[in-house]
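> task: produce atomic coordinates for the following.
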Amino acid sequence: MAGRVRELGFGARLMARREFWIIHALVNNPDKTPEEAIQELLRERNSQFQQRRDSTRTYVRDRLNQQHAFHTMQSICELAYLLPADEQIKLLQLVTRLQRKAVPESVMRGGIVKVAFADRMWLDLPCLREYISHRFSFAPLAMFKGFPTCRCTGMQNRAPCGDHCRDYPPQEVQEWENRNAFIAQLTNCIPRLGHRMDFTRLGFRLCVRAFENADVNALEEEAVRAACFWFALAGNPMWDTCVAGDQVDEPESEQPKAFDRARWAGWKNAINSFGVHLVRRSTQALMKDALAAMDEAERTQ
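Numbering: from 1, shown residues only. Predicted structure coming up:
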């Protein structure tokens with residue numbers, strides 16, 4: 001894992017933050033644990049307070065807490081997006097532990113510990129949800145239009161060149177898939193529907209784009225692959241939401257459609273039918289994993 005994470009592409013402001021390098025070390029050092037990273041993050045927070053003479057003022061402490069929490073979440077996300085799903089485990093463990101980490105602010109009269117800012121800082125990680133929601137869009141998919149499936153096919157040829165080619169997916173597509181894998185795995189850890197880390201609606205909107213295109217000749221392999229990651233990694237919460245008949249307004253539709261069992265079945269049929277058109281071995285494997293996860297989710301109802 002150590003050589004897989006690159007520093008290039010991160011802004012100077014983020015890389016100047018100690019939080020980034022704490023998360024970076026967690027990813028790169030196999031001996032470093034999430035709990036150790038949390039303790040380092042807390043020490044860094046205290047250090048920031050000690051460096052400010054006016055840190056006793058409430059608004060200053062709140063601002064420092066906001067900056068600390070935001071840059072921690074930003075570092076987690078940006079590094080996760082460079083890692084495939086099976087290498088994101090330590091970051092997912094870190095998120096899970098942070099959600100349970102209260103930050104004692106001060107001791108009040110009677111020895112009562114006041115936990116100020118905790119709800120906005122760690123508990124349920126609202127900064128993480130805000131960062132993911134604001135940064136997640138379908139713009140990358142539009143940008144991928146015209147991408148060659150690999151360098152050996154030429155810019156205009158999107159036909160698969162064969163499984164021997166190692167250039168697919170391109171780096172930009174790979175990071176898009178890693179992003180969806182990380183958010184899907186966060187969603188799979190939720191204790192209940194509607195939790196702050198419930199991002200099923202992002203997954204559903206991607207499914208609409210991937211599976212509800214009437215023109216089979218205009219299939220977006222990148223969208224189908226990303227949607228399959230959602231089913232493979234977050235099949236249970238996706239299914240539970242469909243069972244609940246969650247209503248989601250779709251900006252591109254005149255009438256909102258329920259994400260229900262009927263729609264789930266339609267997506268399942270679409271994945272089965274797409275196997276004829278999307279023949280790349282890695283894509284076929286993703287679709288197989290997605291269908292297996294969907295079957296498993298249905299059985300666990």
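> span of stretch 271-280 from start to end?
Using C-alpha to C-alpha, to the nearest Å, the end-to-end distance of stretch 271-280 comes out at 14 Å.
> what comes up buried for the helix or strand harbouring residue 284?
Using DSSP states H and E, residue 284 sits within helix 281-299. Neighbour counts over helix 281-299 (16 or more other C-beta atoms under 10 Å) mark 283, 286-287, 289-291, 293-294, 297-298 as buried. Quick note: C-beta positions are derived from backbone N, CA and C, even for glycine.
> any idea of the mean pLDDT in it?
If you average the pLDDT over helix 281-299, you get 95.
> send the alpha carbons of it over as PDB?
What follows is helix 281-299, C-alpha atoms only, in PDB (Å, rounded to 0.1, in the frame of the first residue of the first chain):
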ATOM      1  CA  ARG A 281     -13.800  -9.100 -18.200                       C
ATOM      2  CA  SER A 282     -13.400  -6.600 -15.300                       C
ATOM      3  CA  THR A 283     -16.800  -5.100 -16.100                       C
ATOM      4  CA  GLN A 284     -18.400  -8.600 -16.300                       C
ATOM      5  CA  ALA A 285     -16.900  -9.400 -12.900                       C
ATOM      6  CA  LEU A 286     -18.400  -6.200 -11.400                       C
ATOM      7  CA  MET A 287     -21.800  -7.000 -12.800                       C
ATOM      8  CA  LYS A 288     -21.600 -10.500 -11.400                       C
ATOM      9  CA  ASP A 289     -20.700  -9.200  -8.000                       C
ATOM     10  CA  ALA A 290     -23.500  -6.700  -8.100                       C
ATOM     11  CA  LEU A 291     -26.100  -9.300  -9.000                       C
ATOM     12  CA  ALA A 292     -24.800 -11.600  -6.200                       C
ATOM     13  CA  ALA A 293     -25.100  -8.800  -3.700                       C
ATOM     14  CA  MET A 294     -28.600  -7.900  -4.800                       C
ATOM     15  CA  ASP A 295     -29.700 -11.600  -4.400                       C
ATOM     16  CA  GLU A 296     -28.100 -11.700  -1.000                       C
ATOM     17  CA  ALA A 297     -29.900  -8.400   0.100                       C
ATOM     18  CA  GLU A 298     -33.200  -9.800  -1.100                       C
ATOM     19  CA  ARG A 299     -32.700 -13.000   1.000                       C
END
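> run a quick neighbour tally on the closest residue to residue 284 other than its chain neighbours.
Nearest residue to residue 284 in three dimensions, chain neighbours excluded: residue 275, at 6.4 Å (C-beta to C-beta, 6 or more residues apart in numbering). For residue 275, the neighbour count with other C-beta atoms under 10 Å is 13.
> can you check residue 183 too?
By other C-beta under 10 Å, the residues close to residue 183 number 25.
> how about the strands in the stretch 1-150 of the chain?
106-107, 113-114 (DSSP state E, counting those that start in this stretch).
> my bad, the stretch 151-300 of the chain
Using DSSP E, counting those that start in this stretch, strands in the stretch 151-300 of the chain cover 246-248, 257-259.
> confidence-wise, which of the ones you listed is weakest overall?
Ranked by mean pLDDT, these end with strand 246-248 at the bottom, a mean of 52.
> what's the separation between residue 69 and residue 195?
Noted for residue 69: a distance of 18 Å to residue 195, by C-beta to C-beta, to the nearest Å.
> who has more neighbours out of these two?
Remark: of residue 69 and residue 195, residue 69 carries more neighbours, 25 against 16, as counted by other C-beta under 10 Å.
> check whether the more buried one really touches residue 127, as I assumed.
Yes. Counting by C-beta atoms under 8 Å, residue 69 touches residue 127, with 4.5 Å between them.
> where in this structure is pLDDT low?
Residue ranges of the chain with pLDDT under 70: 1-10, 55-56, 101-126, 134-169, 214-219, 246-257, 301.
> domain assignment for it?
Following automatic domain parsing, one gets these domains for the chain: 12-127, 170-299.
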